[in-house]
Every structure is written in structure tokens, then in C-alpha cells.
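[1] could you look at this predicted model? Sequence included:
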Amino acid sequence: MITNILRPLAVLLALCTMASAAELKILSGNGGRAAVAELSARFERETGVKVTTDFAVNPTVRKRVLEGEDFDIAVLNPPVLDELIKAGKVLGETRSVIGRIGLGVGIKEGAPKPDISTPEAFKKALLAAKSVAYPEEGASGIYFANLVKRLGIEAEMKSRLRPMPGEYNVEVLATGEVEMVVVVASRIYGVKGAQLVGLIPAELQTWIGFAAGVSAKAKDPEQARKLVRYMTSPAAEPFLRQMGLEPFVE
């Protein structure tokens, strides 16, 4: 009798152990860092599936995947993800757009916020800053470098621009190494010692998309697919918008 009662309990415990033993590895571009980190953490808390995240600029993630690094989910700009799908590294049927991000301006927490509401105001804010960081690699950094040229202030800004690694270009605000950063807005979210001023003016804006896909060699494809669906579910939308992201836009 006791054995019959305990047997279902033993099965339940075994299933719980299997769920908790599951682990997923995400390789992600820096643009969606805050969203990917937070949504992964929420998924882990709700399911018991351990999720590890590894962030780098899109070209670096692309290179690592093509060279054969193991991963379960990739979160990248859609064109980069599509390239990995064509290469057979990511399952095309799992491709899911999470959203898109605009470029934003960040400054040290507590510093007066400059006016960036119009192209002219944004231009003046750049010229007033002693130093401006931006990603030395990736789509947002390339766009910003060209935007400085479009604004006609390349010569004035030359000595003030600080191209920096994607994993470090916002954190330098807190240390005082730079006065301002221009990067995808979500990258500024949650960084200690930094504050988001806002998005750059619409007339100058570009949008960086990010999408997720499951590895063709995922160790636990079922859980990987669940996490991708979670990232693009209605439950994720309020959080994405809170970070200034537009969810589910192709």
C-alpha cells in the first residue's frame, strides 16, 4: 500500500529533477542584451530550466556559430540570423522576430539631461559633450559614425568620439571615462550608473531588429522552442515596451 502511494511521488520527483537538469545556452547580439537577459531569467524561474546567456556583437556571434560553437538559441539581427539559417546552423521554422530597437542617448546617472528632441538639438548635444562612446563594431556603431558625417560635424567630433567594445560602451558612463554614449536604447537599460536620455530624433533614427532561432543541434530542442515562443509571447510585450522596444516587428 505504501509502495503504491510512493511510486507516483517518485515519478513526479524524477520528472522535476529532469526539468531542473535541463539547460539552454543562448548566444546573443548586444542590442537585445537587457531584454534577452531578463526574459531568460523569467523563463528560468517559471520553468526550472537553467538558461545561460553569452553576449557579443553580431559579427562575433556569427563567426562563433559558423566555426561550430555549441549553442541552443541564437538572438541576432534578422539578416545575420537568416545567414545562419541558410548555413544550416539554425532551424528556419523556429525563426521568430522579437522586436526592434532604436538608437538612444545615455549619460551618467544624475547628470543633467541634454535636449535631444530635434536634429538640431541632438547635434548641439553631441558638440557640447567632451566625449561620446559608441560601439566600434556592429550595425548601430556603423550607423552612428555615418550619422556624424551626415550632420556635418565629423571634424569637430573626431577627437571626442570613443569607439568601444560592445560589452563595455555603456558601463564607461558610470566610471566617468566618457560623458555620453549613443547606442541601441535597450543596451542602456539596467546598467548601473547610467541613465537613458531618450531616443534620437525620428528624422535621424534607425531601427535595429532582433530575432531568435533554435540551433539545428540544440541539446533540448523542445525547451529551446518553448523559450523562443516565450520571448515572443503576449506576456513579454509589456516588458519589451518598457525598455523602449517595439515588439514583434519584421
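    All right, it came through fine. All figures in this text were calculated on a predicted structure; none of them were measured in a lab. Residues are numbered from 1 along each chain as shown.

[2] C-alpha only now, for contacts and for neighbours.
    Will do.

[3] buried stuff in the longest strand anywhere in the chain?
    If you go by DSSP state E, the chain has its longest strand at strand 96-108. Buried residues in strand 96-108, counted by 16 or more other Cα atoms under 10 Å: 96-108.

[4] try stretch 121-134
    For stretch 121-134, by 16+ other Cα under 10 Å, it's Phe122, Lys123, Ala125, Leu126, Ala129, Ser131, Val132, Ala133, Tyr134.

[5] from those residues, which land in helices?
    Counted as lying in helices by DSSP state H, out of the buried residues of stretch 121-134, are Phe122, Lys123, Ala125, Leu126.

[6] for the last one, what are its contacts?
    For Leu126, the contacting residues are Val132, Met157, by Cα atoms under 8 Å, 6 or more residues apart in numbering.

[7] any idea of the mean pLDDT in stretch 136-152?
    Averaging the model's pLDDT scores along stretch 136-152 yields 92.

[8] show residues contacting it.
    For stretch 136-152, using Cα under 8 Å, 6+ apart, the contacting residues are 57-59, 103, 123, 134-135, 154, 157, 163-166, 182-184, 204, 206, 208.

[9] filter these to the buried ones?
    By 16+ other Cα under 10 Å, the contacts of stretch 136-152 give 57-59, 103, 123, 134-135, 157, 163-166, 182-184, 206, 208 as buried.

[10] quick one, domains of this protein?
    As recorded under automatic domain parsing, the domains making up the chain are 2-100+209-247, 101-207.

[11] pick out the shakiest of those, pLDDT-wise.
    domain 2-100+209-247 (a mean of 86).

[12] how far out from the middle of the chain is it?
    Here domain 2-100+209-247 is found 13 Å from its chain centre; the criterion is Cα atoms, centre = their mean, to the nearest Å.

[13] quick one: secondary structure of the residue nearest the centre of the chain?
    The residue lying closest to the centre of the chain (Cα atoms, centre = their mean) is Gly32, at 1.3 Å. Judged by DSSP: H, G, I helix; E, B strand; the rest coil, the three-state class of Gly32 is helix.
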